[in-house]
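Asker: Here is my input, please return the structure:
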Amino acid sequence: MTQLDAEVIIVGSGNAALCAAIAAREKGADVLVVEKSLKKQQGGNSYFSGGWMRFTFESAQDLGEDLPELAIDGKQDFDVIPYTTSNYYDEMAEITEYRADPSLTLLMVNKSKETIKWMHDKGVRFNWTFGRQNVKVNGRYQVSGGNIAVSGGGAGLIEKLVDAAESIGVRFIYETRAVALLGEPGHKVRGIRAIKSNGELIELNSKSVILASGGFGASAEKRARFLGPGWDLAKVRGTTSNIGDGIDMALLFGAQSFGHWSGAHAVCWDATSPKSGDRNSGNEFSRNSTPLGILVNKNAERFLDEGLDFGYNTYGKFGSNIISQPGSIAYQIFDSQVLDFLDPNYSGRMVSKVVANSIEELGEKLGIDGKVLKLTVEKYNSAIDLKTNFNPNALDGKGTNNLNPAKSNWANPITQAPFYGFTVTAGLTFTFGGVRVDESARVLGSDEKPIAGLYAAGEMLGGIFYYTSPSGGGLMAGSVYGRLAGEHAAS
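Answerer: Now for the predicted structure:
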């Protein structure tokens, strides 16, 4: 009998991988995490995220009892709106245009709350967030499922999960790149082949392997091949490690390809940002207040409905719209009326901002035709329904008439100087194409049967997100399916 290097081997060290490692170890398995980066660079894309987690709760009281740090004592200036299973599932169905796998999506939704409680038991803490299109109405905020994040953001999440994993005996090896699965392709896995940083080729034997090494977002070649022309120019919000290794390994071993291979979560991202994630700045380059203004291209023309839905539901596809514009660049335009409503990142350290006393001057400072921009803004202003009141906390229906493209909500006239412009490009968060799993996170082969001993979690999964994903949806899916993969792999 071959000696096992571990009962469960996990490839990757982001949120999904760490949840898998903890869950498998809690079931009594000997667990080894294999990470190709340095220890100080672990965490995958999760490290660079804002840490938002979307999960269900029935009431503010229910939420506070399970997560005391989110309890409402009656003195805060905000009201908590319940976020039910039907709320979550219906939003997922709508924003993915009803293409999301119903079973996988419902499982994620149903297990979201219990998974958050499980993570809380591991030391992860949460806090309410404001500024993401949440402003005071009659002196109070209204918050719900899109307003909860991990304390310390993505960096805080990884720190707590690593601490929890190490404290119960999960083993880690770094600077080791998994390159192939061992076993009987399409039938049974018995370990992995990997290359250490010194070039040494090693084989690690196990009963189960969990692939949680992310999507292919950091590969310019794969972005252009699968997402389409121009995507090789996109900025990468996170790690440079996610080049599709795990997906390639799984597909070569007979796993079934699944999901939206030409789709990705990509946001409005400051155009001056570095080409890949900066661990010192995290999420500070995000520019997610597009619904409160207008977005124009290099021709000073609008090209999408900025107010189609709440920003936390649509922000993940604005980047895809920008990629197809000239130079893959766009410009967010706001006036002083909404300045106080913008996301806090707009006043942070990493901001390329232009201020002017006229729209024409703003355009010239941004490097686009100021006269055309003035005409675009005037056309937009004249189409606005002035009879409807502006309310950023609701789908207020304050839209435009006879304007193409329309703006469905939050259409405020851009009239009050000074005016503000922000140059943005596409910031890629993660890709949607991957492998198919069942409700136990077992990888399915082309024959629809599980490949014995092979599991997947996180961005490796296909079938949950199409066109976009809501804020907190990606991390939540990673946590739920990571935990499931760990529990089933261990048993």
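Asker: Report the beta-bridge partner residues of the residue nearest to residue 294 when sequence neighbours are not counted.
Answerer: Excluding its sequence neighbours, the residue lying closest to residue 294 (C-beta to C-beta, 6 or more residues apart in numbering) is residue 333, at 5.1 Å. Glycine gets a C-beta too; all of them are placed from N, C-alpha and C. On the basis of DSSP bridges, residue 333 takes part in beta bridges with residue 294, residue 421.
Asker: surely residue 333 meets residue 415?
Answerer: No: under the criterion of C-beta atoms under 8 Å, residue 333 makes no contact with residue 415, lying 11.9 Å away.
Asker: Compare those two and say which one has the larger neighbour count.
Answerer: residue 333 (27 against 13; other C-beta atoms under 10 Å).
Asker: Which helix or strand in this protein has the lowest average pLDDT?
Answerer: strand 141-143 (a mean of 79; mean pLDDT, DSSP states H and E).
Asker: can you give me the strands for the stretch 201-350 of the chain?
Answerer: 201-205, 208-211, 235-236, 257-258, 264-270, 294-296, 330-335 (DSSP state E, counting those that start in this stretch).
Asker: contacting residues around the residue nearest to residue 294?
Answerer: 293-296, 359, 362, 373, 377, 414, 419-421 (C-beta atoms under 8 Å, 6 or more residues apart in numbering).
Asker: Spell out which strands sit alongside the least confident helix or strand of the chain in the sheet and which way each one runs.
Answerer: Sheet pairing for strand 141-143, using DSSP bridges, gives strand 78-80 (parallel).
Asker: which residues are in contact with the strand it pairs with?
Answerer: Against strand 78-80 from outside (C-beta under 8 Å, 6+ apart): 59-60, 63, 72, 128, 130, 140-144.
Asker: how about a cut-off of 10 Å?
Answerer: The contact list for strand 78-80 (C-beta atoms under 10 Å, 6 or more residues apart in numbering) reads 57, 59-64, 70, 72, 128, 130, 134, 136-137, 140-144, 147.
Asker: how close does the residue nearest to residue 294 sit to residue 5?
Answerer: Separation of residue 333 from residue 5 (C-beta to C-beta, to the nearest Å): 57 Å.
Asker: Also residue 237?
Answerer: 34 Å.
Asker: who's more crowded, these two?
Answerer: residue 237 (27 against 18).
Asker: The residue nearest to the more buried one when sequence neighbours are not counted bridge partners, please.
Answerer: Closest residue in space to residue 237, ignoring its immediate chain neighbours: residue 427 at 4.6 Å, by C-beta to C-beta, 6+ apart. When bridges are called by DSSP bridges, residue 427 pairs up with residue 235, residue 267.
Asker: and what of the one 10 residues further on?
Answerer: Assessed by DSSP bridges, residue 437 has beta-bridge partners residue 443.
Asker: Now do it: how many residues are near it, please.
Answerer: 29.
Asker: picking that back up, which of the strands of the stretch 201-350 of the chain has the highest mean neighbour count?
Answerer: Most buried of the strands of the stretch 201-350 of the chain, by mean neighbour count (mean count of other C-beta atoms under 10 Å): strand 208-211, with a mean of 32.
Asker: What pairs with that strand, parallel or antiparallel?
Answerer: strand 8-11 (parallel), strand 450-456 (parallel).
Asker: mean confidence for it?
Answerer: The average pLDDT for strand 208-211 rounds to 98.
Asker: Turn the contacts of residue 333 into JSON lines, columns for pLDDT and distance to residue 275.
Answerer: Shown next, in JSON lines, are the contacts of residue 333 (pLDDT from 0 to 100; distance: C-beta to C-beta, whole Å):
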{"residue": "293", "pLDDT": "96", "distance to residue 275": "26"}
{"residue": "294", "pLDDT": "98", "distance to residue 275": "27"}
{"residue": "295", "pLDDT": "98", "distance to residue 275": "22"}
{"residue": "296", "pLDDT": "98", "distance to residue 275": "24"}
{"residue": "359", "pLDDT": "98", "distance to residue 275": "32"}
{"residue": "362", "pLDDT": "98", "distance to residue 275": "27"}
{"residue": "373", "pLDDT": "98", "distance to residue 275": "28"}
{"residue": "377", "pLDDT": "98", "distance to residue 275": "32"}
{"residue": "414", "pLDDT": "97", "distance to residue 275": "32"}
{"residue": "419", "pLDDT": "98", "distance to residue 275": "30"}
{"residue": "420", "pLDDT": "97", "distance to residue 275": "26"}
{"residue": "421", "pLDDT": "97", "distance to residue 275": "23"}
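Asker: Let me have the residues you listed in CSV, adding distance to residue 39 as columns.
Answerer: Formatted as CSV, the contacts of residue 333 follow (distance: C-beta to C-beta, whole Å):
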residue, distance to residue 39
293, 42
294, 45
295, 40
296, 44
359, 50
362, 46
373, 49
377, 51
414, 49
419, 47
420, 41
421, 41
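Asker: Going through the contacts of strand 78-80, which ones are buried?
Answerer: 57, 60, 63-64, 70, 72, 128, 134, 141, 143-144, 147 (16 or more other C-beta atoms under 10 Å).
Asker: where's the dip in pLDDT among those?
Answerer: Lowest pLDDT among those: residue 134, 64.
Asker: What's the separation between the residue nearest to residue 294 and residue 459?
Answerer: Relative to residue 459, and taking C-beta to C-beta, residue 333 is found at 33 Å.
Asker: go on, residue 70?
Answerer: If you measure residue 70 against residue 459 using C-beta to C-beta, the figure is 27 Å.
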